[in-house]
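>>> 3D model of this:
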Amino acid sequence: MTPVVRRRTSPLADLRSWLESDFSAGFPGPVNLPLVRIEDFVDEGTYVLRAELPGIDPDKDVEITVDDGVLTIQGERSEESKDRDHSEFRYGSFSRSVTLPKDSRVDEITAEYRGGVLELRVPMDQTTSEPKKIQVTRPEG
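A predicted model of the protein is given here:
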C-alpha cells in the first residue's frame, strides 16, 4: 500500500504556488513570473518531484536548496542573441518552492536532469502506525 503524503503548507506558500501556476500566465507585470511547472508523487517510500526545465545547463543554471523543510529550485535560463520573428520561450530568473513531507530525509536527496526534466528523489521514513481505537468511558454517578 502506498503511503499518503500529507503536506502542510502556509498561506504564503499557497499564494506563491498560485502566482507560479498557469492561471497567472496571462497577467502583465510582476505576477507574470517565469514558470516552473512541477509534478510530485510518492513512489515506494520516496517522494518524487519533477520540474520542467528545458534549455538549461543543470551544472551552471540551477541551484537546489532545502531550508526548514522547504525545497527551492532556482536559476536562470539565458537567452541566446538571435534574430527572431516570434518566441514564446521564457528567459530570465526562475524559482519554485515546495514544502517537503514531514518525514523526508533531506540529507539523502538526489537530483537527475534528463530530457529537460529535473527529477528530485527524497527518501521518506517508513513509519507506518496501525489505527488505534480509543475507548470512551463515562464517569459513574
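>>> just name the shakiest helix or strand of the chain by mean pLDDT.
helix 11-19 (a mean of 61; mean pLDDT, DSSP states H and E).
>>> and Pro123, what pLDDT?
On pLDDT, Pro123 comes in at 96.
>>> now the strands for the chain?
Using DSSP state E, the strands of the chain run over 38-43, 46-52, 62-67, 70-77, 92-99, 110-114, 117-123.
>>> nearest to Gln135, of those?
strand 38-43 (32.8 Å; CB to CB). All C-beta spots, glycine's among them, are computed from the backbone N, C-alpha and C.
>>> okay, now the unreliable bits of this protein?
For the chain, the stretches flagged by pLDDT under 70 are 1-34, 79-84, 87-90, 127-129, 141.
>>> let's see it at 50
For the chain, the stretches flagged by pLDDT under 50 are 22-32.
>>> on that earlier part again, of the strands of the chain, which approaches Val136 most closely?
strand 38-43 (34.0 Å).
>>> check contacts around the closest residue to Ala111 other than its chain neighbours.
Sequence neighbours aside, Leu120 is the residue nearest to Ala111 in space, at 5.0 Å (criterion: CB to CB, 6 or more residues apart in numbering). Listed by CB atoms under 8 Å, 6 or more residues apart in numbering, the contact set of Leu120 reads 48-51, 64, 71, 109-111.
>>> now render these as CSV, adding neighbour count and distance to Asp103.
Below are these laid out as CSV (neighbours: other CB atoms under 10 Å; distance: CB to CB, whole Å):
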residue, neighbour count, distance to Asp103
Val48, 14, 15
Leu49, 20, 15
Arg50, 16, 20
Ala51, 22, 22
Ile64, 15, 20
Leu71, 20, 14
Ile109, 17, 13
Thr110, 10, 17
Ala111, 15, 20
